[in-house]
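Novice: Mind folding the following:
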Amino acid sequence: MIGWCEHVHFPELGGCTIKAKVDTGADTSALHAWKITPFEKEGEDWVSFEIHPNQKTKEGKQQCEAKVVTKKDIKSSNGQIESRYTIRTTGIIGQHDYPIDLTLTNRDEMGFRMLLGRKAIKGRFLVDCAHSYIQSQS
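Specialist: As a prediction, this is how the structure comes out:
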């Protein structure tokens, strides 16, 4: 069981923990990222990016690199189509760790640095929308 928002820990992204809003209306999960720069590493597509895990501040920024899973067009909540890189990393919610696909996008104007979509929670968690940080307390 998870609440409508939870803390998600990313050991492969500098060990940061980010407050995520659970969004069952979103298929994929989205992570707030800046300075997204594609590059090639040993013949594979990679991306470097900066994350700001803390809400409403750029303090505590973390420089990251990850292998690109895909690049696809995503329709945002305001109806705009945006081409986004998707990466795969390990996410930890409470005592549960598993691989998670994240699209990288600028969420600076949004209330949360991350959206946790259906693919990330399907078959793992039920959502209790009346509570928050259920797993964060375990």
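
Novice: partner residues bridging residue 34?
Specialist: When bridges are called by DSSP bridges, residue 34 pairs up with residue 50.

Novice: brain fart, residue 18
Specialist: Where residue 18 sits in a bridge, its partners, by DSSP bridges, are residue 8.

Novice: For it, which residues are in contact?
Specialist: By C-beta atoms under 8 Å, 6 or more residues apart in numbering, residue 18 lies in contact with 7-8, 10, 31, 51, 53, 113-114. In short, each C-beta sits where N, CA and C put it, glycine included.

Novice: run the last query once more with 6 Å
Specialist: Neighbouring residues of residue 18 by C-beta atoms under 6 Å, 6 or more residues apart in numbering: 8, 53, 113-114.

Novice: So what does residue 120 have for phi and psi?
Specialist: Here is the backbone geometry of residue 120 (degrees, to the nearest 10): phi -80, psi -20.

Novice: Surely it is in contact with residue 28?
Specialist: No - taking contacts as C-beta atoms under 6 Å, residue 120 lies outside contact range of residue 28: 8.0 Å.
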